[in-house]
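Q: Test case, fold it:
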Amino acid sequence: MEKYIAAWTTNEPDDIRALFTEDAVYATHPYDPDAWRGHEQIVERWLKSADEPDEWTFDWSPLGSDGDLHFVQGRTTYLGDRPSYENLWVVRLGPDGRATAFTEWFMERRS
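A: Residues are numbered from 1 along each chain as shown. Next comes the predicted model:
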């Protein structure tokens, strides 16, 4: 998680790429037919929708794991007029600790 937050903060392609295996799949929502596939597409689409580091805060806690599958609960708070979100991330890690699959489940937090 520390490396994910660092990549989210820097938006540096190498930081992003280091999180995922070469053939990883990143789904920005469950059952996403347009999931990001492979390093280059993940970096490209991440940067297209990049947040600036001073626009958000993120708190998280691990919910559990089952083998290589990990579950993280998060709270993304955007500053200004943007909505904030409750998050559930489902992450499958490869033997080297990089994500082979990453799925975001999120809902807007009501005031």
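Q: how about residue 89, what does it touch?
A: Residue 89 makes contact with 71-72, 74, 102-105, according to Cβ atoms under 8 Å, 6 or more residues apart in numbering. Where you see a C-beta, it was placed from the backbone N, CA and C, and this is true even at glycine.
Q: Can you turn the buried part of these into a PyMOL selection?
A: Entered in PyMOL, the line below selects the buried ones among the contacts of residue 89, by 16 or more other Cβ atoms under 10 Å:
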select buried, resi 72+74+102+103+104
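Q: From the contacts of residue 89, pick the one nearest residue 46.
A: Set against residue 46, the nearest of the contacts of residue 89 by Cβ to Cβ is residue 102 (10.9 Å).
Q: Tell me which residues touch that closest one, please.
A: So residue 102 contacts 20, 24-27, 89-92 (Cβ under 8 Å, 6+ apart).
Q: just the contacts of residue 89 now: which is nearest residue 33?
A: residue 103 (12.9 Å).
Q: Tabulate the contacts of residue 102 in JSON lines, adding columns for secondary structure, pLDDT and distance to residue 9.
A: Listed next are the contacts of residue 102 as JSON lines, based on DSSP: H, G, I helix; E, B strand; the rest coil; pLDDT from 0 to 100; distance: Cβ to Cβ, whole Å:
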{"residue": "20", "secondary structure": "strand", "pLDDT": "98", "distance to residue 9": "17"}
{"residue": "24", "secondary structure": "strand", "pLDDT": "98", "distance to residue 9": "20"}
{"residue": "25", "secondary structure": "strand", "pLDDT": "98", "distance to residue 9": "23"}
{"residue": "26", "secondary structure": "strand", "pLDDT": "98", "distance to residue 9": "18"}
{"residue": "27", "secondary structure": "strand", "pLDDT": "97", "distance to residue 9": "22"}
{"residue": "89", "secondary structure": "strand", "pLDDT": "97", "distance to residue 9": "17"}
{"residue": "90", "secondary structure": "strand", "pLDDT": "98", "distance to residue 9": "22"}
{"residue": "91", "secondary structure": "strand", "pLDDT": "98", "distance to residue 9": "18"}
{"residue": "92", "secondary structure": "strand", "pLDDT": "98", "distance to residue 9": "24"}
